[in-house]
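**Student:** return atomic coordinates for the entry below.
(one chain, ligands or ions: 2)
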Amino acid sequence: MRVTAILLAAGQGTRMKSSLPKVLHPVAGKPMIWHALEAIRQSTTEKPVVVVGHGADDVIKYLGDSAQTVLQEPQLGTGHAVMQSETALKDKTDLVVVCYSDMPLLRGETLQALVETQKNNKGPISMLTVHSDDPRGFGRIIRNADGTVSAIVEEYVATPEQLQVRELNVGGYCFDADWLWDALHRIPKNPKKGEYYLTDTVELASKDGLPVQATVMSDLEETIGVNTRVHLSECETAMRRRINQQHMLNGVTITDPASTYIEIGVTIGMDTVIMPNTYLHGKTDIGAGNLIGPNSIIRNSKIGNRCKVLASDLESASLGDDVDMGPFARLRKGANLGNHVHMGNFGEVKDSYLADGVKMGHFSYIGNAQIGSNTNIGAGTITCNYDGEKKHATEIGEDVFIGSDTMLVAPLKIGNGARTGAGAIVTKNVAEDTLVVGMPARAIKKLERKVKE
Ligand code: UD1
Ligand code: CA
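**Tutor:** Ligands and ions are numbered 1, 2, ... in the order given. As a prediction, the model looks like this:
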């Protein structure tokens, strides 16, 4: 059976007060519409159709070829929006799932169950409802004596009795396609707003004498829709809790989930401990047995096993196993650390490889460099890699000892086993097993020591 989803994303989202289209606002690092598409994927067999309107160019650009898009212009309501996809879908699908793209918490499993319900429904519509004392402006569900649904009444047209109803329209539907295409043309224009409401199809079915099935959802959280940035933060919190729980169930210790921010797509191995106030962003993969945080920010990076990353900032970096870093280490793009590397406070590494066992304890900058295994980088060492126009490379061999405060003026090569004295300014290549020193302090006068009475 062919099942296709139509995702409505043409509305303006005025209440977000934003120049960014509402559906592109991120939740846990991915745009709201990404979450909606993800949920849809499990329950459908065909490529989804996204109805775009406001901010269409940006939304289409984001979607790429992950969905077909149809334009709704002007936007005359949710029924009118679905109607725009009739040409694209007529005779190409048996069931149609309709969702709103501002509900990032709706689960794939929920939509799957909805589709199953419709497969067994003799009538043309199955839909999701929820009971809540806070109606949040949702449409109210009106049921017949036999339990089938007779209508959805939008809040602002509801009578006082209807407003008391606490069963609400979630905004997830599965339709018999052929019935839907016909019914859309029968939706009456709403007299107050001049719009065509998808929700009116329920009353049409009921009047045709066809049963509408409603599944009551138990998880209220899933139904949070985003109309304002306050709702957006509620979604973010709920999504964060969900992601953290999944990691914990997979064997990760999260000391304080409320202050741990892990985006969608991050992977974490067993027995890794994530300490408070840690942010894991983007495509980040963390192995097993690590101790991450407190206070670390890691983006698009790869971390091996048994590492310690204390109060550090990593971006597009990679660590081998047993790396020990921080507090206050900073790895920028292309920083690649081997196994057993030690990086202490206030070090910065960019576009460089530090081989196994390199030690870089304090206050150093390493950029555009290759550093051989077991080399020691003394406190205050700087690779002077930029001459104002170009970046230049530094190559340091194995078992090298770079003395404190050495300036390594690139391009530069330092051979295996070499040493530099403290404060050396190295401008020429250094051969293997050679000691270089520079500018030792000279005595310039004898001082009189003043003895305090
Ligand atoms: C809608 C439902 C309401 C339900 C609530 C759940 C209708 C008429 N009402 O109300 O019963 O309880 O969702 O969240 O459907 N959109 C378009 N084109 C349009 C209008 C809207 O694509 O012309 C899209 C919006 O971008 C949005 C979705 O449809 O993604 C829902 O529209 P919105 O205005 O948010 O509807 P609600 O007032 O929330
Ligand atoms: Ca809404």
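**Student:** what parts of the chain come near ligand 1?
**Tutor:** 8-11, 51, 53, 72, 75-78, 80-81, 100-102, 138-139, 152, 154, 168-169, 171, 197-199, 225 (Cβ under 6 Å from any ligand atom). Backbone N, C-alpha and C define where each C-beta goes, glycine included.
**Student:** narrow these to those in helices?
**Tutor:** Under the assignment DSSP state H, the residues of the chain next to ligand 1 contribute 78, 80-81 to helices.
**Student:** turn those into JSON lines, columns for distance to residue 350.
**Tutor:** Formatted as JSON lines, these follow (distance: Cβ to Cβ, whole Å):
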{"residue": "78", "distance to residue 350": "50"}
{"residue": "80", "distance to residue 350": "53"}
{"residue": "81", "distance to residue 350": "48"}
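**Student:** of those residues, which is the most crowded?
**Tutor:** residue 81 (27 neighbours; other Cβ atoms under 10 Å).
**Student:** just checking, that residue touches residue 73?
**Tutor:** No - taking contacts as Cβ atoms under 8 Å, residue 81 lies outside contact range of residue 73: 10.6 Å.
**Student:** what do these two both touch?
**Tutor:** Here residue 81 and residue 73 have residue 53 as joint contacts, going by Cβ atoms under 8 Å, 6 or more residues apart in numbering.
**Student:** pretty sure residue 109 is in a helix, no?
**Tutor:** Yes - counting by DSSP: H, G, I helix; E, B strand; the rest coil, residue 109 is part of a helix.
**Student:** tally of neighbours for it?
**Tutor:** Look at residue 109: counted by other Cβ under 10 Å, it has 12 neighbours.
**Student:** how about residue 422?
**Tutor:** Residues near residue 422, counting by other Cβ under 10 Å: 15.
**Student:** ok, it - contacts?
**Tutor:** Neighbouring residues of residue 422 by Cβ under 8 Å, 6+ apart: 378, 403-406.
**Student:** and the pLDDT for it?
**Tutor:** Model confidence at residue 422, given as pLDDT, is 96.
**Student:** what do you get for the one 3 residues further on?
**Tutor:** The predicted structure scores residue 425 at 95 on the pLDDT scale.
**Student:** for it, give me its contacts.
**Tutor:** Here residue 425 is in contact with 406-407, 409, 438-439 (Cβ under 8 Å, 6+ apart).
**Student:** state the distance from it to ligand 1.
**Tutor:** Residue 425 sits 62 Å away from ligand 1, going by Cβ to the nearest ligand atom, to the nearest Å.
**Student:** related to what we said a few turns ago, so which of the residues of the chain next to ligand 1 belong to strands?
**Tutor:** In strands, defined here by DSSP state E, the members of the residues of the chain next to ligand 1 are 8-9, 51, 100, 152, 168-169, 171.
**Student:** mind putting the residues you listed in JSON lines, pLDDT included?
**Tutor:** Output for these, formatted as JSON lines (pLDDT from 0 to 100):
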{"residue": "8", "pLDDT": "98"}
{"residue": "9", "pLDDT": "97"}
{"residue": "51", "pLDDT": "98"}
{"residue": "100", "pLDDT": "96"}
{"residue": "152", "pLDDT": "97"}
{"residue": "168", "pLDDT": "97"}
{"residue": "169", "pLDDT": "97"}
{"residue": "171", "pLDDT": "96"}
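**Student:** what's the PyMOL line that selects buried ones from these?
**Tutor:** Only the buried members of those end up in this PyMOL selection, burial being decided by 16 or more other Cβ atoms under 10 Å:
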select buried, resi 8+9+51+100+152+168+169+171
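**Student:** can you list the ones in strands among the residues of the chain next to ligand 1 in CSV and add distance to residue 58?
**Tutor:** Shown next, in CSV, are these (distance: Cβ to Cβ, whole Å):
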residue, distance to residue 58
8, 16
9, 11
51, 15
100, 18
152, 31
168, 31
169, 28
171, 23
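**Student:** widest-spaced pair of the ones in strands among the residues of the chain next to ligand 1?
**Tutor:** Pairwise distances across these peak at 22.8 Å for 51 and 168 (criterion: Cβ to Cβ).
**Student:** hmm, residue 151 is touching residue 144, no?
**Tutor:** No - taking contacts as Cβ under 8 Å, residue 151 lies outside contact range of residue 144: 9.5 Å.
**Student:** now residue 83: closest residue in space that isn't a chain neighbour?
**Tutor:** Distances taken as Cβ to Cβ, 6 or more residues apart in numbering place residue 184 nearest to residue 83, at 4.6 Å, with adjacent residues excluded.
**Student:** how many neighbours does the one you found have?
**Tutor:** Residue 184, neighbours per other Cβ under 10 Å, totals 22.
**Student:** OK, contacts around the residue in the stretch 351-453 of the chain that ligand 1 sits nearest to?
**Tutor:** Closest residue of the stretch 351-453 of the chain to ligand 1, Cβ to the nearest ligand atom: residue 351 (42.9 Å). By Cβ under 8 Å, 6+ apart, the contact set of residue 351 is 332-335, 367-368, 391.
**Student:** just put those residues in CSV and tack on pLDDT and distance to residue 248.
**Tutor:** As requested, the contacts of residue 351 are exported to CSV (pLDDT from 0 to 100; distance: Cβ to Cβ, whole Å):
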residue, pLDDT, distance to residue 248
332, 98, 31
333, 98, 31
334, 98, 32
335, 98, 29
367, 98, 38
368, 98, 40
391, 97, 43
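**Student:** nearest to residue 308 among these?
**Tutor:** Relative to residue 308, the closest of the contacts of residue 351 is residue 335; by Cβ to Cβ it sits at 16.3 Å.
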